[in-house]
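Colleague: here's a sequence, model it:
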Amino acid sequence: MKVILETDRLLLREYVQDDRNVPFQQTTDLVEKLRAQNVAFEELIIPDEIHDLLRCSGWVRAYRATAEFFDRRLAAATPRQ
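Modeller: Numbering: from 1, shown residues only. I've put the predicted structure just below:
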């Protein structure tokens, strides 16, 4: 897996604990590569959930975390007038 990222990008990595579509080793490899390239990222791990987010609570948690991430990161990136 080759990871090439520009450091001015926003990155929120979401991972579900019971993901049978993405091997856990790929997740740990990605995190190691991001850290090795000094890429700032935030991470959300949703326990007891599958790849497609089966439960409503999983969707709500993912959407809420994504909205909060954008609120934080975009507000910090917006120049003050």
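Colleague: can you tell me the SS state at residue 35?
Modeller: Per DSSP: H, G, I helix; E, B strand; the rest coil, the local secondary structure of residue 35 is helix.
Colleague: look up how far residue 65 lies from it.
Modeller: Remark: distance between residue 35 and residue 65 (C-beta to C-beta, to the nearest Å) = 20 Å. C-beta coordinates here come from the backbone N, C-alpha and C atoms, glycine included.
Colleague: the more surrounded of those two?
Modeller: More crowded of residue 35 and residue 65, by other C-beta atoms under 10 Å: residue 65, with 16 against 11.
Colleague: any idea of the pLDDT on the more buried one?
Modeller: Here, the pLDDT recorded for residue 65 equals 88.
Colleague: so it touches residue 43, yeah?
Modeller: No: judged on C-beta atoms under 8 Å, residue 65 makes no contact with residue 43 at a distance of 9.8 Å.
Colleague: okay then, goodbye and thanks.
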